[in-house]
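J.: Sharing a sequence plus its predicted fold:
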Amino acid sequence: MNQRSHSLRLSPADLRLEVPLGTRLQDILFGQGVEFPCGGRGRCKGCRVKVLRGDLPISPEDAQLLTKADQAAGWRLACRHSVAGDLELELAQWEMSVLGDDNKFAFVPAEGLGVAIDLGTTTIAAQLLDLRSGNVLGVRTALNAQARHGGDIMSRVEFALNGGQEELQRLVRDQLGQMVIEMLNELKPTAKGTSQQLIRVVIVGNTVMHHICCGVNIAPMAAYPFEPTQPGRVRFSPQDLGWQLSGDASVEFLPCLGGFVGSDILAGIMATGLHESRGLIALMDLGTNGEVVVGNRERMLCTSTAAGPAFEGARIWMGMRAATGAISAVQVENNAFTCRVIGGGEPRGLCGSGLVDAVAAGLQLEWIHPSGRMVNRKEMPLAGSVLLSATDVRELQLAKGAIAAGLRMLTAKFGASLEDLEQIHLAGAFGNYISRASAQRIGLLRVPLDRVVPAGNTALLGAKRALFEKAATWDDIGKRVEHLALNEDPSFHDIYAEEMGFPSCA
Ligand code: FES
């Protein structure tokens, strides 16, 4: 970078640019697909950006159009600013939708209020419940504030190992406390009365989020055998966490199941009823660590597979998260690709569901060979300037091969095959948006489509169910789940290699 240019990082798409000093933000962002509804006259607020790092002094138009709280939180009107230093900005127009939950479930009514929180690496979803009626009284979703120290889980671990664990802990505890307080404040003019009624907060998340939030040393998670050395504390008072709340609510983090299988998966088991099922069913969470559970009311096995970040759009040439501008779906029509772009407009990249679709479409057109090799080409143009490269196909093979191998091996431990699975629940946002047909076409799910259930935010639903259960109940379910490290199984690498290929025909 020369002296006259500065770095500009844009979230949540994690785009990094080098821009000349003094360039108007409008000129840069317009080229990235950001719209300026009032033409950049400072009249509409449509171009809001949030300063995550760096400095943009409040302009007269910012002061006029934005609330004091928004200004203090770092929001500015992009059209009224130029680049004067290194910057990291979050774009309101690129907001990612965070998966909530509106499922109904049976419960035994209790007194007071409860809050369920799904603490994800990227996003956080929280709901405030009336424990008497089960009604959802408040909802908050947000990007995880830790994202300023790394978008994916491994960069978060790295930051923690380099002395940043306390900073990550402070960020997440503050953010969760703020979300809880905001939901309570919405109920009454002051939080005082309602905070006394808050009985319980249940948090679920992956093992890294658990360690950071609960203050457990993360170092053992970063080296073989990648297991926590101690379970760590899981129950706190709001005051322990620095939350400005009166009352004596219990804040509980559900226990993790093993190495990289967190309490979000335990919550998923509770949400899908896997632990009470007569038949054999599976739960899969497709992410950097693809977690798989197979079981029934007699026995449950879980594992995590190092799928790599392809499903999250990372390590893909033009990959990005499922935010505005991402190609999220690809279909073949008249021997050409038709792409759906999140938010409409020009495509800027390819997210996980688009990647799965693109490869399935390439297989359909026979532009991609079942071995994964591209036929007579090095890349596949999709839409606009967005391409699928041969390396991207390889990354997807690694990801889907690991997860498919995990599912196959766990199922085999029951003396069963994939055909014996009565249902496969796909958890999380990616599981919700992935095309089941494309997942079947690439060999990720080798079962009839009617057995595949997009299960939504099972982590949040399970956390809500846990609000009505004794801690001993979820502890008991957790203890019944056996954690297997499949990569230590001598047959793993052969099965993984087999599963990396694509089926020859649909
Ligand atoms: S584009 Fe309307 S305020 Fe910036």
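T.: Alright, I've got the coordinates.
J.: what about the helices in the stretch 301-450 of the chain?
T.: Ranges of helices in the stretch 301-450 of the chain, per DSSP state H, counting those that start in this stretch, are 352-364, 390-412, 428-433, 436-441.
J.: With respect to the ligand, which of these lies nearest?
T.: helix 352-364 (28.4 Å; Cβ to the nearest ligand atom). The C-beta positions use only the backbone N, C-alpha and C, and glycine is treated the same way.
J.: Using TSV, lay out the helices of the stretch 301-450 of the chain together with distance to residue 267 and mean neighbour count.
T.: Shown next, in TSV, are the helices of the stretch 301-450 of the chain (distance: least, Cβ to Cβ, whole Å; neighbours: other Cβ atoms under 10 Å):
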stretch	distance to residue 267	mean neighbour count
helix 352-364	22	26
helix 390-412	19	22
helix 428-433	11	22
helix 436-441	23	20
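J.: Worst mean pLDDT among those helices?
T.: The minimum mean pLDDT among the helices of the stretch 301-450 of the chain belongs to helix 428-433 (a mean of 81).
J.: Tell me which other helices or strands that helix touches.
T.: strand 281-285, helix 352-364, strand 452-456 (3 or more Cβ pairs under 8 Å, 6 or more residues apart in numbering; DSSP states H and E).
J.: Can you tell me the element the nearest residue to residue 471 once chain neighbours are set aside falls in?
T.: Closest residue in space to residue 471, ignoring its immediate chain neighbours: residue 252 at 6.5 Å, by Cβ to Cβ, 6 or more residues apart in numbering. Assigned by DSSP states H and E, residue 252 falls within strand 250-253.
J.: That strand pairs with which strands?
T.: strand 198-205 (parallel), strand 235-236 (antiparallel) (DSSP bridges).
J.: Export these to JSON lines and append columns for mean neighbour count and distance to residue 53.
T.: What follows is the strands paired with strand 250-253, written out as JSON lines (neighbours: other Cβ atoms under 10 Å; distance: least, Cβ to Cβ, whole Å):
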{"stretch": "strand 198-205", "mean neighbour count": "26", "distance to residue 53": "24"}
{"stretch": "strand 235-236", "mean neighbour count": "16", "distance to residue 53": "29"}
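J.: can I get the ones you listed in CSV with distance to residue 474 and mean pLDDT?
T.: Converted to CSV, those look like this (distance: least, Cβ to Cβ, whole Å; pLDDT from 0 to 100):
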stretch, distance to residue 474, mean pLDDT
strand 198-205, 9, 96
strand 235-236, 12, 92
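J.: right, and these - which one's nearest the ligand?
T.: Here strand 198-205 is closest among those (Cβ to the nearest ligand atom), at 36.0 Å.
J.: what comes into contact with the next helix-or-strand element following that closest one?
T.: Using DSSP H and E, the helix or strand that follows strand 198-205 in sequence is helix 207-214. Applying Cβ atoms under 8 Å, 6 or more residues apart in numbering, the contact partners of helix 207-214 are 119-121, 146, 153, 156-157, 160, 165, 168-169, 172-173, 176, 203, 205, 216-218, 221, 228, 232-234, 236, 253, 256, 259-263.
J.: Work out the gap between helix 207-214 and the centre of the chain.
T.: 15 Å (Cα atoms, centre = their mean, to the nearest Å).
J.: what's the answer for stretch 411-421, then?
T.: With Cα atoms, centre = their mean, you get 28 Å for stretch 411-421.
J.: swap in stretch 366-374?
T.: On Cα atoms, centre = their mean, the centre of stretch 366-374 falls 30 Å from the chain's centre.
J.: Isn't residue 358 up against residue 380?
T.: Yes: using Cβ atoms under 8 Å, residue 358 is in contact with residue 380, at 6.9 Å.
J.: intersection of neighbour lists for the two?
T.: Listed as contacting both residue 358 and residue 380 by Cβ under 8 Å, 6+ apart are residue 388.
J.: Count the residues that sit near the closest residue to residue 51 other than its chain neighbours.
T.: Spatially, and ignoring its direct neighbours in sequence, residue 51 is nearest to residue 74 (4.1 Å; Cβ to Cβ, 6+ apart). As a burial measure, residue 74 scores 16 neighbours (other Cβ atoms under 10 Å).
J.: got it, and residue 73?
T.: The local packing of residue 73 (other Cβ under 10 Å) involves 11 other residues.
J.: any idea how far the ligand is from it?
T.: 17 Å (Cβ to the nearest ligand atom, to the nearest Å).
J.: And that residue, how far from residue 48?
T.: 11 Å (Cβ to Cβ, to the nearest Å).
J.: and if you look at residue 369?
T.: Taking Cβ to Cβ, one finds residue 369 at 46 Å from residue 48.
J.: More neighbours: those two, which one.
T.: Between residue 369 and residue 48, counted using other Cβ under 10 Å, residue 48 has the larger neighbour count: 20 against 15.
J.: In contact with that one, which residues?
T.: 66, 70, 75-78, 92.
J.: go again using 10 Å as the cut-off
T.: 62, 65-66, 70, 75-79, 89-93 (Cβ atoms under 10 Å, 6 or more residues apart in numbering).
J.: Equivalent analysis for residue 60, please.
T.: Contacts of residue 60 by Cβ under 10 Å, 6+ apart are 42, 80.
J.: Then residue 487?
T.: 303-306, 402, 405-406, 493, 496.
J.: low-confidence ranges in the stretch 151-300 of the chain?
T.: Within the stretch 151-300 of the chain, the segments meeting pLDDT under 70 span 151, 188-193, 225, 228-233, 288.
J.: how about the helices in it?
T.: In the stretch 151-300 of the chain, helices defined by DSSP H, counting those that start in this stretch lie at 153-159, 165-187, 191-197, 207-214, 263-272, listed in chain order.
J.: could you dump the ones you listed to TSV with mean neighbour count?
T.: Shown next, in TSV, are the helices of the stretch 151-300 of the chain (neighbours: other Cβ atoms under 10 Å):
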stretch	mean neighbour count
helix 153-159	18
helix 165-187	19
helix 191-197	18
helix 207-214	25
helix 263-272	28
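J.: The ligand is nearest to which of those?
T.: Taking Cβ to the nearest ligand atom, helix 165-187 is the member of the helices of the stretch 151-300 of the chain nearest to the ligand, at 25.5 Å.
J.: Would you agree residue 243 is in contact with residue 172?
T.: No: judged on Cβ atoms under 10 Å, residue 243 makes no contact with residue 172 at a distance of 12.0 Å.
J.: Can you add distance to residue 293 and give the helices and strands packed on helix 428-433 back as CSV?
T.: Below are these laid out as CSV (distance: least, Cβ to Cβ, whole Å):
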stretch, distance to residue 293
strand 281-285, 4
helix 352-364, 21
strand 452-456, 12
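J.: Quick check: which of those is nearest to residue 15?
T.: helix 352-364 (16.5 Å; Cβ to Cβ).
J.: residues touching the nearest residue to residue 177 once chain neighbours are set aside, list them.
T.: Nearest residue to residue 177, sequence neighbours excluded (Cβ to Cβ, 6+ apart): residue 243, at 3.5 Å. Residue 243 makes contacts with 173-174, 176-178, 180-181, 195, 201, 236-237, 249, 251, as judged by Cβ under 10 Å, 6+ apart.
J.: and those as JSON lines, adding distance to residue 396?
T.: Below are the contacts of residue 243 laid out as JSON lines (distance: Cβ to Cβ, whole Å):
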{"residue": "173", "distance to residue 396": "36"}
{"residue": "174", "distance to residue 396": "37"}
{"residue": "176", "distance to residue 396": "34"}
{"residue": "177", "distance to residue 396": "39"}
{"residue": "178", "distance to residue 396": "37"}
{"residue": "180", "distance to residue 396": "39"}
{"residue": "181", "distance to residue 396": "42"}
{"residue": "195", "distance to residue 396": "47"}
{"residue": "201", "distance to residue 396": "38"}
{"residue": "236", "distance to residue 396": "40"}
{"residue": "237", "distance to residue 396": "45"}
{"residue": "249", "distance to residue 396": "44"}
{"residue": "251", "distance to residue 396": "39"}
